[in-house]
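Undergrad: Sequence plus predicted model, see below.
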Amino acid sequence: MPHELRFKPYRGPAGGWGSVRSVAKHMAKERLIPSAVAELSKQNKPEGFMCVGCAWAKPGHTRPAEFCENGAKATFAEITKKRTTPEFFEAYTVTELRGWSDYDLENEGRITHPMRFSHQTDRYEPVSWEEAISGIARELKEIRGRDPRRSVFYASGRASLETSYMYQLFARIYGNNNLPDSSNMCHETTSVALPEVIGVPVGTVMLEDFDEVDMILSFGQNVGSNSPRMLHQLKDAVKRGATVATFNPLRERGLERFINPQDPLQMLTLNETRISSLYHQVRAGGDIAVIAGIGKALLDLDDEAQKAGAVRVLDTEFIEHHTSGFEKVAAFLRAQNWPELEREGGVARKDLEAVAKEYARSGSAIGIYGMGLTQHKLGVDTVQMLVNLLLMRGNIGKRGAGICPVRGHSNVQGQRTVGIAEKPDLAPLNQLEKQFDFKAPRDEGLNTVNACKAIIKGDVDAFVGLGGNFLRAIPDREQMESHWTDMQLTVQIATKLNRTHLFNGRSAYLLPCLGRIEVDRQNSGEQIVTTEDSTAIFHKSRGMRTPASPHLRSEPWIVAELAKATVGADANVNWDGWVADYATIRDAMEVTWPEMFAGFNQRIEHPGGFARSIPARERIWKTKNGKANFTIPRALQASFDTGEDDSILRLITLRSNDQFNTTIYGYSDRFRGIEGTRMVVMVNQEDIKRFGLKRGGVVSLTAVSDDGIHRSMDGFTVVPYDIPRGCIGAYYPETNALIPLYQHAEGSHTPAAKSVPVRISLQGANI
Ligand SMILES: Nc1nc2c(c(=O)[nH]1)N[C@H]1C(S)=C(S)[C@@H](COP(=O)(O)OP(=O)(O)OC[C@H]3O[C@@H](n4cnc5c(=O)[nH]c(N)nc54)[C@H](O)[C@@H]3O)O[C@H]1N2
Ligand SMILES: Nc1nc2c(c(=O)[nH]1)N[C@H]1C(S)=C(S)[C@@H](COP(=O)(O)OP(=O)(O)OC[C@H]3O[C@@H](n4cnc5c(=O)[nH]c(N)nc54)[C@H](O)[C@@H]3O)O[C@H]1N2
Ligand SMILES: [Mo]
């Protein structure tokens, strides 16, 4: 793999021919023949499989090809012809493999056999499924005998509703609510922020709303790389005359311009669509100030309208009948002074006033956001601030309007819906107890950050991972890697080898599973599974590929076998029946949530799936006071306060266009013009001068923290970049060694990965 940096600003649009070339390159990389494209035509279609990439909505009436460049890469990565076999594991010790990059590890392809780690040989060795299951169960039972709270059951957001439901039940019968999931690092901030203010933990927007929306306010979400199918909705809305206003420290290409690679005319004429007509480079963590500015300007416009006897700018009827707390928020906004808002947000007053003007003119508006809002100390306040702005003009619970958190993994929202949650009150424990005849634990379980803390403290003996790459995804990598191996048992259910698998407890197993694109045949025949997308619609998914190896087992099978062998006698669950026919798992879910899943097995056959009821969509507010709530943020700055010292920079940890989280597909971040390496740091020109750096120079980053732990990384090449002064960008997961575990969002514990306080220095220089 080349490691030489090539940096050349990208001038093209998102999508377009670059996208087609990239898809072709990745097909070749996975040794797939052109017929693999046939697979893509089944992606996100009612009779096909649901993309294993992002969670963006899948329309009922589909286009000929309902996939995107990055969805194609995700598919190819799963259906790759490459295999990680027992011979591979024999050839390398685990210590040697620790020297490999994330890219190289996953590039070996699909894991083919269950494996057990041997400390004697420092290698993974093949093990039969029977031995693996009984060995794991023996240790889990032993730990349970000491204290069931010393085991942790992590889930990454890809597992289906069926698997997730079984998994949470297993953990609870075992005796804990230790169910951290990838959502804890992602949209947990949403799950905490939205229930308080609108009474639901998820977004309210449906795909149809994009057909009517007048204005889209987009904050901290990189649509071109992370949810490219949404570009279709944005493009169509813009063509209809809607305005998109974007706030992002970086000028992300997908938010600027797009050519639909599936539109022959656009492709041939290179006729691109401009997406955002208003684009402002907010400082990292500056969104509360920016939104406060827009809100303040909106109040001024409303005052003017009132004076002139014109139609009010505020939706006073909505505010009066549906909300609480408006007066306080209005007073808070009026009390703000512009210089401070401009300083904290980094966007000029006149620009915010222009956005407010446009917003005041728009009959309906959608607020879209992603990790740029959720991964901050005051992420919860920031999301609630965006809701304030929507509520001021009645933009929740009407057509063409709403709040739209763009979820990450393809079923991450669904996992929470079916009980993967460390907070006992988020799961219907009484009902589960009744249904399965066991005593469910009532103590709060460990979320991701608290699980990490407990592992460091030595309070965890077993970690079971249902997918994911925990050690790469979490903060404070070095500390975590060194404590990980103190655990008694580590178990990873996975499709591909990753770095987490190279840190092993005293007993360690690697259990390879079917991917969602593969045919899943059980006793009653071929199975379907279900997922929930970002707009709260449930879909079925049918695998079509021959499994990568005959030794793979489905996730429901693996979870059922572990549960049977560990807690089989302790509850009345028909694990075998469930595995034989997944429709019976859906029946059980229907019993647990009769309203949400009524007629589950019939309704899931409906093309386009079926929607979960989201009361806020109907302006029914399931909040404590039965109203939608305006809230006042705790501060104007969402980042950690680092005082007046302007040698401290805010590090934004980013995804490239060539990765899915910790899975690195390649070294081409096409839209940002960064090719050949990921060890770069994007720096503003003035900061380059200020710190005496130079383009192409190699620098170190050192975290600023007050816990006495030194966190530093070398080897970042400086790329001059259009990014606000005082902010720098570098890639996740490489930079996770720099993020202190304690720097997380208040209220949600989501690691504050979007403004990590760091210092930059020439490599080797003393700081
Ligand atoms: N191809 C691909 N698709 C993916 C993923 C992937 O890795 N690859 N990951 C999936 C997952 S799990 C998730 S959660 C989503 C993540 O998708 P996104 O939510 O888009 O997450 P990021 O790429 O981490 O960063 C989001 C954007 O926030 C901006 N930003 C950073 N700080 C701030 C800030 O303070 N304010 C504002 N307004 N913006 C800021 C960054 O410049 C970046 O453009 O995508 C999902 N889809
Ligand atoms: N600094 C920083 N850190 C971050 C973030 C950030 O923006 N900045 N983002 C955070 C976010 S939003 C998230 S969601 C987390 C992601 O954290 P995780 O969800 O833990 O990580 P992934 O990289 O998505 O997991 C990839 C692995 O999943 C396994 N896998 C793939 N498909 C399947 C399958 O079908 N079944 C099973 N069992 N396994 C499978 C493969 O072995 C693969 O190696 O990272 C978080 N960490
Ligand atoms: Mo995520």
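TA: Yep, that arrived. Ligands and ions are numbered 1, 2, ... in the order given.

Undergrad: Could you list the buried residues of stretch 309-329?
TA: Of the residues in stretch 309-329, Val313, Leu314, Asp315, Phe318, Ile319, His322, Thr323, Ser324, Gly325, Phe326, Val329 count as buried by neighbour count, 16 or more other C-beta atoms under 10 Å. C-beta coordinates here come from the backbone N, C-alpha and C atoms, glycine included.

Undergrad: Please apply the same query to stretch 497-507.
TA: Result for stretch 497-507 [16+ other C-beta under 10 Å]: buried residues Leu497, Asn498, Arg499, Thr500, His501, Leu502, Phe503, Asn504, Gly505, Ser507.

Undergrad: ok, now stretch 685-699?
TA: Using 16+ other C-beta under 10 Å as the burial criterion, the residues of stretch 685-699 that qualify are Asp687, Ile688, Phe691, Leu693, Gly697, Val698, Val699.

Undergrad: From the contact counts, what lies against the biggest helix by length in the chain?
TA: When the chain is parsed with DSSP state H, its longest helix is helix 287-308. Other elements packing on helix 287-308 under the criterion 3 or more C-beta pairs under 8 Å, 6 or more residues apart in numbering; DSSP states H and E are helix 326-335, helix 338-345, helix 349-361, helix 379-392.

Undergrad: Show me the contact partners of whichever helix or strand comes after that helix.
TA: Moving toward the C-terminus from helix 287-308, the next helix or strand (DSSP states H and E) is helix 316-322. Applying C-beta atoms under 8 Å, 6 or more residues apart in numbering, the contact partners of helix 316-322 are Phe326, Leu391, Met392, Arg393, Gly394, Gly397, Arg619, Trp621, Lys627, Ala628.

Undergrad: ok, 6 Å please
TA: The contact list for helix 316-322, computed with C-beta atoms under 6 Å, 6 or more residues apart in numbering, reads Phe326, Gly394, Arg619, Ala628.

Undergrad: Using TSV, lay out these together with distance to ligand 1 and secondary structure.
TA: Putting these into TSV (distance: C-beta to the nearest ligand atom, whole Å; DSSP: H, G, I helix; E, B strand; the rest coil) gives the following:
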residue	distance to ligand 1	secondary structure
Phe326	25	helix
Gly394	24	coil
Arg619	27	coil
Ala628	23	strand
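
Undergrad: Can I get stretch 376-385 in PDB, CA atoms only?
TA: Taking C-alpha atoms only, stretch 376-385 is exported to PDB below (Å, rounded to 0.1, in the frame of the first residue of the first chain):
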ATOM      1  CA  HIS A 376     -19.100  17.300  22.000                       C
ATOM      2  CA  LYS A 377     -19.100  18.000  25.700                       C
ATOM      3  CA  LEU A 378     -22.400  19.900  25.300                       C
ATOM      4  CA  GLY A 379     -23.700  17.700  22.500                       C
ATOM      5  CA  VAL A 380     -27.100  17.300  24.300                       C
ATOM      6  CA  ASP A 381     -27.500  21.000  24.600                       C
ATOM      7  CA  THR A 382     -26.600  21.500  21.000                       C
ATOM      8  CA  VAL A 383     -29.200  19.100  19.700                       C
ATOM      9  CA  GLN A 384     -31.800  20.700  22.000                       C
ATOM     10  CA  MET A 385     -30.800  24.100  20.600                       C
END
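
Undergrad: what distance separates that stretch from the centre of its chain?
TA: Distance of stretch 376-385 from the chain centroid (C-alpha atoms, centre = their mean, to the nearest Å) equals 16 Å.

Undergrad: Residue numbering should commence at 702 henceforth.
TA: With 702 as the first residue, the last one maps to stretch 1077-1086.

Undergrad: Any residue of it touching ligand 2?
TA: No. Using C-beta under 6 Å from any ligand atom, stretch 1077-1086 never reaches ligand 2; the gap is at least 11.4 Å.

Undergrad: And the contacts of the longest helix of the chain?
TA: The contact list for helix 988-1009 (C-beta under 6 Å, 6+ apart) reads 920, 948, 983, 1013-1015, 1034, 1037, 1042, 1045-1046, 1048, 1053-1054, 1056-1057, 1061, 1074, 1083, 1086-1087, 1090, 1093, 1334, 1337, 1339.

Undergrad: Pick the most buried one from the helices and strands packed on helix 988-1009.
TA: helix 1080-1093 (a mean of 27; mean count of other C-beta atoms under 10 Å).

Undergrad: For that helix, name the packing helices and strands.
TA: Packing partners of helix 1080-1093 (3 or more C-beta pairs under 6 Å, 6 or more residues apart in numbering; DSSP states H and E): helix 889-899, helix 988-1009.

Undergrad: Can you get me the centre-to-centre distance for that helix and its chain?
TA: Put simply, helix 1080-1093 sits 20 Å off its chain's centre (C-alpha atoms, centre = their mean).

Undergrad: quick one, it and helix 1050-1062 angle?
TA: In terms of direction (axes from the mean of the first three to the mean of the last three C-alpha atoms, to 10 degrees), helix 1080-1093 departs from helix 1050-1062 by 50 degrees.

Undergrad: Quick one: the buried residues of stretch 1386-1400 as JSON lines, columns for secondary structure, pLDDT and distance to Arg975 too.
TA: Below are those laid out as JSON lines (DSSP: H, G, I helix; E, B strand; the rest coil; pLDDT from 0 to 100; distance: C-beta to C-beta, whole Å):
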{"residue": "Asp1388", "secondary structure": "helix", "pLDDT": "97", "distance to Arg975": "29"}
{"residue": "Ile1389", "secondary structure": "helix", "pLDDT": "97", "distance to Arg975": "30"}
{"residue": "Phe1392", "secondary structure": "coil", "pLDDT": "97", "distance to Arg975": "35"}
{"residue": "Leu1394", "secondary structure": "coil", "pLDDT": "96", "distance to Arg975": "34"}
{"residue": "Gly1398", "secondary structure": "coil", "pLDDT": "95", "distance to Arg975": "35"}
{"residue": "Val1399", "secondary structure": "strand", "pLDDT": "96", "distance to Arg975": "37"}
{"residue": "Val1400", "secondary structure": "strand", "pLDDT": "97", "distance to Arg975": "35"}
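
Undergrad: Out of those, give me the two with the largest separation.
TA: Taking C-beta to C-beta as the measure, those span a maximum distance of 15.9 Å, between Asp1388 and Val1399.
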